[in-house]
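Q: Kindly return the folded structure for what I paste below:
(one chain, ligands or ions: 2)
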Amino acid sequence: MRLPRVPWSEVERRARSVSGGPVTRAGGTDDLTVRSLVTDSRLVVPGSLFACVRGATSDGHRHAPAAAARGAAALLVDRPVDTDLPVLCVPSVRAQLGPLGALLAGDPARALRLVGVTGSNGKTTTSALVRGVLDADGDCTGVVGTLGAEVGSRSRSTALTTPEAPELHEVLRWMADAGARRAVVEASSIALDMGRMDGLAFEVSVFTGFEEDHLDHHGTVEQYWASKARLFEPGRTAAGVVVTDDPWGRRLADQAAVPVTRVGSDRDADVRVLGWRTGSGGTEVLLGDDTGGHRVHSPLVGRVHVTNLAAAWATGRVLGAAPDRIAAGLAAVAPPRGRNTVLGGSGRPLVVVDYAHTPRALAAAVDTARDLTGRSGRVHLVLGARGRRDRYKRQGLGGSARAADCVWLTNEGSHGEDPAAIRGELRVGLFGSPARVREVPDRRAAITAAVAAAGPADVVLVVGRGHETRLLDTTDPRDAVLLDDAEVAATALATLHAREEDLRGRAS
Ligand SMILES: CC(=O)N[C@H]1[C@@H](OP(=O)(O)OP(=O)(O)OC[C@H]2O[C@@H](n3ccc(=O)[nH]c3=O)[C@H](O)[C@@H]2O)O[C@H](CO)[C@@H](O)[C@@H]1O[C@H](C)C(=O)N[C@@H](C)C(=O)N[C@H](CCC(=O)O)C(=O)O
Ligand SMILES: Nc1ncnc2c1ncn2[C@@H]1O[C@H](COP(=O)(O)OP(=O)(O)OP(=O)(O)O)[C@@H](O)[C@H]1O
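A: Residues are numbered from 1 along each chain as shown. Ligands and ions are numbered 1, 2, ... in the order given. Reported below is the predicted structural model:
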C-alpha cells in the first residue's frame with residue numbers, strides 16, 4: 001500500500017486547523033514532503049513524520065534521535081528537542097494523531113461509511129456479524145478489532161483492539177484501496193479515552209452490553225462507562241443501537257443525544273427478542289421489529305449471542321438493509337477465532353474454546369457448556385487469569401467457575417506475577433464450592449488432562465484469550481509463548497481418539 005507524499009506546508013496547515021493553541025514550525029523547505037505518521041521510533045521508515053508522544057512509561061521525545069537515525073523526515077513535538085530535522089511544535093502531539101494520521105493516509109474515512117462497536121463483551125463477535133450483514137447487503141465492508149483487520153479475503157494484524165490513530169487511518173486506507181465502501185471499527189473504552197478515534201464520524205454506533213472491566217485503566221466503573229458513552233456523542237455518531245437488557249444500556253439509551261434503536265427483551269425495545277434457543281448446532285432467535293417477526297439462524301453457540309445477533313440485525317435495519325439480506329448475512333458468519341469454537345463430539349467429549357474473560361461472560365459460557373452436555377454430562381472448566389491485569393476480576397471468575405463440575409486451574413501468562421498467587425486468587429472464588437478443583441500450572445498439560453478426564457457426554461470449556469493465549473511467565477516479551485487453545489485441544493482429542501482405537505483394536 002503506497003501512502004501519499006504530503007507537503008510539509010499541508011501538514012502545518014492541518015495541524016493549525018485543529019490546534020487549540022500556538023503552532024510553530026522550524027526548518028523544512030517548501031519542497032519537503034512526508035509520507036507516513038509514526039509514533040514508535042522503531043517503526044520509522046525513511047520519509048516518516050515521527051510523532052513524539054508522551055506516554056505513561058516513556059516519552060517519544062527521547063526517541064527522536066533514534067527516529068532520525070532511521071530516516072525520519074521531520075518531527076512533531078510538544079516540547080523542544082535538540083535536532084537538525086524540521087520540527088512542528090504543537091500544544092499536544094496526541095491531539096494531532098487523528099487529524100494528521102488521517103491526512104497522511106489520504107483521509108480514507110472520507111471514502112468509507114463507518115460503524116463503531118463498543119461494549120464490555122461481544123465487540124469482536126458483533127463487529128463480525130455487522131460486517132457479514134453489510135457484505136450480504138452488497139457493500140464490501142472491512143472490519144478492524146482484536147483479531148486484526150480484514151476486508152474481502154485479505155487480512156492484516158494490528159497492534160491493539162483499536163489501533164492508535166495513525167495505524168487506524170492506514171488500516172482504513174488499506175480497506176478503501178481494497179474496494180471497501182464501509183468499515184466496522186471495534187471501539188475499546190481505552191481507545192475512546194485516549195482519543196484514538198477522534199475525528200472519525202460513525203453512521204451508527206453499537207453498544208453490546210456492560211460489565212465492569214479495565215478498571216486498572218479507568219479507575220471507576222463510572223469512568224469506564226463514560227468512556228464508552230463518548231462514542232454516542234453527537235458529531236461522533238449519527239445514530240445508536242443499544243442493548244438495553246442491562247441498566248447501563250438503558251441509561252445510555254435514555255441519555256444519548258442521538259436517535260437510538262433499543263435492542264433486547266424489554267417490552268419497549270425497538271428490536272425485541274421474542275424467543276431463542278441455542279445448542280451445538282448454533283443459535284436461533286425470533287425477533288420482532290416494525291416490519292414484523294423474523295427468525296434468524298446463526299452458527300454461533302451460546303445464549304450470549306442472542307443480543308449480539310439482535311444488535312447486528314438492528315444495525316442492518318438502521319443502515320437500510322432488507323430483512324432477508326440481514327438474515328442471510330447473519331447465517332453466514334462463523335464464530336470469530338477463539339470465540340465459542342466447538343471441537344470433538346462423535347463419541348468424544350465436546351471441547352469449547354472461548355474468550356470469556358469477565359465473570360459474567362464466564363458464567364454464561366459455563367451455562368452454555370452445561371446446556372451442551374444435555375444436562376447429563378459434566379462440565380470441565382480450564383481457567384486461568386492473565387497477570388498484571390484486572391486483579392479485581394479473579395475472585396469473580398472463580399465465583400463463576402463454581403457452576404462447573406471440575407475446574408482445572410492453570411496459567412494464562414503471569415507477566416512477571418507469581419502464577420501460583422494468581423491461581424490462589426481464582427481459588428478464593430471457588431471456596432466451599434462442590435466443584436472439584438485441580439491445579440495444573442502448565443496450560444498445555446491442563447487442557448490435555450481435562451480432555452483425558454472427560455467422558456463422551458462431558459464438555460470441556462477452555463476460557464481465556466481464545467486464539468492468542470500469550471504465556472508470558474517473565475517480564476521479557478521475548479519469552480512469550482503464543483498458545484492456540486483450540487490447537488492444543490484438537491491434539492488432545494486426537495490422542496484420545498487414537499487411544500480408543502488402540503483399545504478397540506486390542507479388544508477385537
Ligand atoms: C494503556 C495503553 O493503552 N497504553 C498504550 C500507550 O502506552 P504508553 O502511553 O505507556 O506509551 P509508552 O510505552 O510510554 O511510549 C510512549 C511513546 O513512545 C514511543 N516509543 C517507545 C519506545 C521506543 O523505543 N520508541 C518509541 O518511539 C511509543 O510508541 C509511544 O508512542 O501507547 C502505546 C503506543 O501506542 C501503546 O502500545 C500502549 O498500549 C499498551 C501496549 C496496551 O496494552 N494497551 C491496552 C491496555 C489497550 O489499549 N487495550 C485496548 C482494549 C482491549 C480490550 O478491550 O480488551 C485496545 O484497544 O487494545
Ligand atoms: N453480548 C455478550 N454478553 C456477554 N458475554 C458475551 C457477549 N458476547 C460475547 N460474550 C462472551 O465474551 C467473550 C468475548 O467476546 P468478544 O471477543 O466477541 O467481545 P470482546 O471481549 O468485547 O472483544 P475484545 O475484548 O476481544 O475486543 C466471548 O467469547 C463470549 O464468551
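Q: Residues of the protein that sit close to ligand 2?
A: 119, 121-125, 145-146, 161, 186, 208-209, 304, 307-308, 339-340, 354-356, 360-361, 364-365 (C-beta under 6 Å from any ligand atom). For every residue, glycine as well, the C-beta is placed using N, CA and C.
Q: give me the subset of the residues you listed touching ligand 1.
A: Thr161.
Q: pLDDT value on the residue most central in space within the chain, please?
A: Of all residues in the chain, the one closest to the mean position by C-alpha atoms, centre = their mean is Thr146, 3.6 Å from it. We have a pLDDT of 94 for Thr146.
Q: Output the contacting helices and strands for the helix or strand hosting Arg423.
A: Per DSSP states H and E, Arg423 falls inside helix 419-430. Counting contacts by 3 or more C-beta pairs under 8 Å, 6 or more residues apart in numbering; DSSP states H and E, helix 419-430 is packed against helix 394-401, strand 406-409, strand 436-439.
Q: Please name whichever of these is nearest to Thr39.
A: helix 394-401 (32.4 Å; C-beta to C-beta).
Q: Which other helices and strands does the helix ranked longest in the chain contact?
A: Looking across the chain with DSSP state H, the single longest helix is helix 485-507. Where contact means 3+ C-beta pairs under 8 Å, 6+ apart, helix 485-507 is packed against strand 341-344, strand 350-354, helix 443-453, strand 459-463.
Q: what about the closest residue to ligand 2 within the stretch 151-300 of the chain, how many neighbours?
A: Residue nearest to ligand 2 within the stretch 151-300 of the chain (C-beta to the nearest ligand atom): Thr161, separated by 4.3 Å. The tally of other residues near Thr161 (other C-beta atoms under 10 Å) stands at 20.
Q: Ok, His63 next?
A: 21.
Q: Ok, Pro22 next?
A: By other C-beta under 10 Å, the residues close to Pro22 number 9.
Q: The residue lying closest to Gly398 once chain neighbours are set aside: neighbour count?
A: Nearest residue to Gly398 in three dimensions, chain neighbours excluded: Gly429, at 2.2 Å (C-beta to C-beta, 6 or more residues apart in numbering). The local packing of Gly429 (other C-beta under 10 Å) involves 20 other residues.
Q: isn't Gly429 right next to Ala401, touching?
A: Yes: contact criterion C-beta atoms under 8 Å: Gly429 and Ala401 qualify, at 6.7 Å.
Q: Any chance you could list what contacts stretch 4-22?
A: Contacts with stretch 4-22, where a contact means C-beta atoms under 8 Å, 6 or more residues apart in numbering, come from 23, 25, 28-35, 47, 49, 74, 76, 86, 88, 90-91, 95-96, 99-100, 103-104, 106, 199.
Q: swap that for stretch 369-383, please
A: The contact list for stretch 369-383, computed with C-beta under 8 Å, 6+ apart, reads 278-280, 301, 342, 349-350, 352, 362, 366, 397-398, 401, 403-410, 426, 435, 443, 446-447, 450, 453-464, 485.
Q: For PyMOL, write a command that selects the buried ones of those.
A: This is how PyMOL selects the buried members of the contacts of stretch 369-383, with burial counted by 16 or more other C-beta atoms under 10 Å:
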select buried, resi 278+301+342+349+350+352+362+366+397+398+401+403+404+405+406+407+408+409+410+426+435+443+446+447+450+453+454+458+459+460+461+462+463+464+485
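Q: For Ala314, which three-state class applies?
A: What DSSP: H, G, I helix; E, B strand; the rest coil gives for Ala314 is helix.
Q: before we move on, what about the one 3 residues further on?
A: Reducing the assignment to helix, strand or coil with three-state DSSP, the entry for Arg317 is helix.
Q: Tell me how many other residues surround it.
A: 22.
Q: thinking again about what came up before, dump the helices and strands packed on helix 485-507 to a markdown table, plus distance to Gly138 and mean pLDDT.
A: Putting the helices and strands packed on helix 485-507 into a markdown table (distance: least, C-beta to C-beta, whole Å; pLDDT from 0 to 100) gives the following:
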| stretch | distance to Gly138 | mean pLDDT |
| --- | --- | --- |
| strand 341-344 | 29 | 92 |
| strand 350-354 | 32 | 96 |
| helix 443-453 | 42 | 96 |
| strand 459-463 | 37 | 97 |
